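>>> fold the following for me, if possible:
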Amino acid sequence: MTNGDGAGIGYSDGSEAWLLRFFTEYAVNEYELYPKDAPWAVRYHLSPRRKTLLSWIDFGPGGRILELGAGCGALTAHLAGLPHSLTAVEGSPDRAAVIRARLQHAPNLEIVTANAVGLPYDGCFDVVTLIGVLEYAGAFVDDPRPYARLLAEARRYLAPHGCLILAIENRMGHKYLAGLPEDHTGRPYDGINGYPGRPGVRTFDRPTLAAMLAQAGFAATRWHYPSPDYKMPDSVVSEAALSRDGFSVLPLLELPTADPGGRAVPAFGERQFLRSALSGGVAGHVMNSFLVLAAARDDAPLLAANAGTLAVAVNADSCPPHFQTMTRFVDTGPDGVAVTRRNLHHLPALTFAAGRQHIKATEPYHLGYASFLELVQDAVEDGDPAGAGRLLIEWMELAASRAKPSTTAAAAFETFCRNQLGAPLYPGHEHERWLPGSLLDAHPGNVLRHPATGDVRYIDLEWQLACPLPLQLLIDRGVNLVGQKLLAQANYLGLSEAAALPPAMDRMLARHPLSRRADTDSLARFTHWLFAAVTNGSLDHRLPGAAP
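Numbers count the residues shown, from 1 in each chain. Alright, predicted model coming up:
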């Protein structure tokens, strides 16, 4: 690595000294859980979720990448792991020092401390990235048209076949329309109102950004939308996904949008809003962030390599690397959509006595189907709580249809509870029906139903127990999941936060025998164990009090 000389930029968010010390003192696995007690400004630079923005992109077998405005190296760390030559340009000397400490052993990385404009790189790179940089051009580009100048410079650095990767907030994103603070100024509606007071930062709506890219020479653009935004995404959906007939986008989005500062909540129901926007074909104009792949030519290799990906979902933040996954939805043409799943790092599955993580490598996407969770949410939003109750009961009865009496299941489940949880669960259910442990994740979000035919399919049964489980455990998990989803939207649905289910729906469930025997204490202890097991990376995890 070398450090180029250049004019420094004094940008800082106050995290640089902490990060420099951290990376100097520790050898860090970029995908391990970050220090939970660190302040937000630090966690932002360390969270593995940062890398989801780029981790799905096929960059090809090799070439040269230029990262403009590399910050403290969160995305540099991903790019440096590719079989490419990487030049990271960062205007802040303090931040460049953090990158140097963070990636001190990367042999393919050059770090340059310089302004992003005026570099001697005419036509040198296959890929140029501008991630969270364009909005600040007014503060560091000395030009009457700083945003246009920065895009023109990025174009100049690219080879004729090269591609720009640009990420920026949407000035008209649904979270901003719903009153959440503007990310850069902290004031609601600042971007929508045109940034009164000229704060030195500026984001754009889609038509404006598209025109700017075209004027800079990027004739071919592919639009994608990270959720909840480009900074900390756990999914990315493409423009094609928004209009693909029968493809469900909403389950991939994190809604309602959370305010990292915890100071505000959206003023309206974003899920309902996006249902309407999707139906009207305008959702791309109101997504929270843009991720644009832009090139001078339609036949640019990076555009072609990623053309089939409709969406990706990555779990990289709540578990260690051997449990982290990437799910990709690939358009296969008129025949449909394929779903592929893999460990994010291509690690083999681990073996546990108590259960397993089951990742089905590939399966067809069921176009036109919707999960029972989606259907229930839709019905509540549409003012039909009784219909929502009937749907949830239909899911419960489907689960019950797969349960059977067993003379040995109770003993196996009791042993599991003693060894892992240290307490018996669901007492009194010994002589009732049992499900195979492979159906632990057959909750309403993973059971699909075709609205026209009623056909049912099961998907994504990731977490599985080695022993049978009581039918009531799955019922309780499913009802609790629905309650959590509705509780998150309680303010927008006229629901009481004390009882997340609408009264009519709650009364229907209370009359049904499959929900009358709910055991909230048993569910809470099981949920605590499963969360701890996944977070700690072992399904053989033992709660305090479990048998040695």
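>>> C-alpha only now, for contacts and for neighbours.
Will do.
>>> wouldn't A518 be in contact with R477 here?
No: with contact defined as C-alpha atoms under 8 Å, A518 does not count as touching R477 (9.7 Å).
>>> higher neighbour count, those two?
R477 (22 against 18; other C-alpha atoms under 10 Å).
>>> the more buried one - that's part of a helix, no?
Yes: per DSSP: H, G, I helix; E, B strand; the rest coil, R477 lies within a helix segment.
>>> so what's it up against?
Shown in contact with R477 (C-alpha atoms under 8 Å, 6 or more residues apart in numbering): 443, 523.
>>> just say helix, strand or coil for the residue nearest to S318 when sequence neighbours are not counted.
Once flanking residues are discounted, S318 sits nearest to T535: 6.0 Å by C-alpha to C-alpha, 6 or more residues apart in numbering. At T535 the chain is in helix, as set by three-state DSSP.
>>> what is the burial count for T535?
17.
>>> how about the one 5 residues further on?
By the other C-alpha under 10 Å criterion, the neighbourhood of D540 contains 20 residues.
>>> so how far is W529 from it?
For D540, the distance to W529 equals 10 Å [C-alpha to C-alpha, to the nearest Å].
>>> between those two, which contacts overlap?
Listed contacts common to D540 and W529 are Q420; contacts here mean C-alpha under 8 Å, 6+ apart.
>>> got a list of what the residue lying closest to R50 once chain neighbours are set aside touches?
Distances taken as C-alpha to C-alpha, 6+ apart put M232 closest to R50, at 5.0 Å, once the chain neighbours are dropped. Residues counted as contacts of M232 (C-alpha under 8 Å, 6+ apart) are 44, 47, 49-50, 52-53.
>>> check V237 too.
224-227, 249, 252, 310-312.
>>> number of nearby residues for T327?
Residues lying near T327 (other C-alpha under 10 Å) number 22.
>>> correct me if wrong: it contacts R342.
Yes: using C-alpha under 8 Å, T327 is in contact with R342, at 6.8 Å.
>>> which parts of the stretch 401-548 of the chain are helices?
409-416, 471-488, 490-493, 503-511, 513-516, 520-536 (DSSP state H, counting those that start in this stretch).
>>> beta partners for V237?
Counting by DSSP bridges, V237 forms beta bridges with Y225, A311.
>>> wait, what's in contact with R43?
Counting by C-alpha under 8 Å, 6+ apart, R43 touches 34-36.
>>> buried ones among these?
Among the contacts of R43, those buried by neighbour count (16 or more other C-alpha atoms under 10 Å) are Y34.
>>> want to throw the contacts of R43 into TSV with distance to W395 and pLDDT?
Formatted as TSV, these follow (distance: C-alpha to C-alpha, whole Å; pLDDT from 0 to 100):
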residue	distance to W395	pLDDT
Y34	38	74
P35	40	75
K36	37	71
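>>> possible to save the contacts of R43 as TSV with distance to L461 and secondary structure?
Putting these into TSV (distance: C-alpha to C-alpha, whole Å; DSSP: H, G, I helix; E, B strand; the rest coil) gives the following:
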residue	distance to L461	secondary structure
Y34	27	coil
P35	30	coil
K36	29	coil
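>>> out of the contacts of R43, the closest to L79 would be?
For the contacts of R43, the residue nearest L79 by C-alpha to C-alpha is Y34; the value is 19.5 Å.
>>> remind me which residues of the protein are low pLDDT?
Judged by pLDDT under 70, the chain has its weakly predicted residues at 1-11.
>>> what residue in it is the furthest from its centre?
T407 (42.5 Å; C-alpha atoms, centre = their mean).
>>> tell me the contacts of that residue?
So, once contact is read as C-alpha under 8 Å, 6+ apart, T407 ends up touching H431.
>>> and with 10 Å instead?
T407 sits next to 430-432, 434 when contact means C-alpha atoms under 10 Å, 6 or more residues apart in numbering.
>>> hang on, the earlier thing: overlap of the contact sets of T327 and R342?
314, 359, 361-362.
>>> N115: which of those is nearest?
V314 (32.8 Å).
>>> assign a three-state SS to the closest one, would you?
Assignment for V314 (three-state DSSP): strand.
>>> ok, now the one 3 residues further on?
Of the three states, D317 takes coil under three-state DSSP.
>>> just the one 10 residues further on next, same as before
Counting by three-state DSSP, the backbone at T327 sits in strand.
>>> how about stretch 368-388: buried residues?
369-381, 384-388.
>>> report the contact partners of Q472.
By C-alpha under 10 Å, 6+ apart, the neighbours of Q472 are 396, 399-400, 426, 429, 432-435, 478, 514-519, 522-523.
>>> report the separation between it and E430.
Here the criterion is C-alpha to C-alpha. By it, Q472 lies 11 Å from E430.
>>> got it, and S496?
From S496 over to E430 the distance is 35 Å, taken as C-alpha to C-alpha.
>>> out of these two, which sits in the busier spot?
The neighbour count for S496 versus E430, taken as other C-alpha under 10 Å, is higher for E430 (18 against 13).
>>> the more buried one touches P405, doesn't it?
Yes: under the criterion of C-alpha atoms under 10 Å, E430 makes contact with P405 at 9.2 Å.
>>> what do the two both touch?
Common contact partners of E430 and P405 (C-alpha under 10 Å, 6+ apart): P470.
>>> just the C-alpha atoms of the strand ranked longest in the chain, please, in CSV.
Criterion DSSP state E: the longest strand present in the chain is strand 158-169. Output in CSV follows, covering the C-alpha atoms of strand 158-169 (Å, rounded to 0.1, in the frame of the first residue of the first chain):
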residue,chain,number,x,y,z
LEU,A,158,-13.6,5.1,-16.2
ALA,A,159,-12.4,3.0,-19.2
PRO,A,160,-14.8,3.0,-22.1
HIS,A,161,-16.4,-0.3,-20.9
GLY,A,162,-16.4,0.8,-17.2
CYS,A,163,-19.2,1.2,-14.8
LEU,A,164,-20.0,3.7,-12.0
ILE,A,165,-21.6,2.5,-8.8
LEU,A,166,-23.4,5.3,-7.1
ALA,A,167,-25.3,5.3,-3.8
ILE,A,168,-27.2,8.2,-2.3
GLU,A,169,-30.4,9.0,-0.4
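>>> for the following helix or strand past that strand, packing partners?
Downstream of strand 158-169, the next assigned helix or strand under DSSP states H and E is helix 174-177. Applying 3 or more C-alpha pairs under 10 Å, 6 or more residues apart in numbering; DSSP states H and E, one finds that helix 174-177 contacts helix 270-279.
>>> the stretch 151-300 of the chain: helices as residue ranges?
If DSSP H, counting those that start in this stretch is used as the criterion, the helices of the stretch 151-300 of the chain fall at 174-177, 206-215, 239-243, 270-279.
>>> residues in contact with the third one?
Same thing as helix 239-243. With C-alpha under 10 Å, 6+ apart as the test, helix 239-243 has contacts from 222-225, 247-250, 277-284, 307-311, 329-331.
>>> how does it look with 8 Å?
Contact partners of helix 239-243, identified using C-alpha under 8 Å, 6+ apart, comprise 222-225, 247, 249, 278, 281, 283-284, 310-311.
>>> the second one too?
By C-alpha under 8 Å, 6+ apart, the list of residues contacting helix 206-215 from outside reads 148, 151, 170, 219, 284-285, 294.
>>> buried only: go through these for me.
148, 151, 170, 284-285, 294.
>>> buried among the contacts of T407? Need that as a selection in ChimeraX.
Burial among the contacts of T407 is assessed by 16+ other C-alpha under 10 Å; the matching ChimeraX selection reads:
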select :430,432,434
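>>> want to throw the contacts of T407 into JSON lines with distance to I459?
Listed next are the contacts of T407 as JSON lines, based on distance: C-alpha to C-alpha, whole Å:
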{"residue": "E430", "distance to I459": "28"}
{"residue": "H431", "distance to I459": "29"}
{"residue": "E432", "distance to I459": "26"}
{"residue": "W434", "distance to I459": "20"}
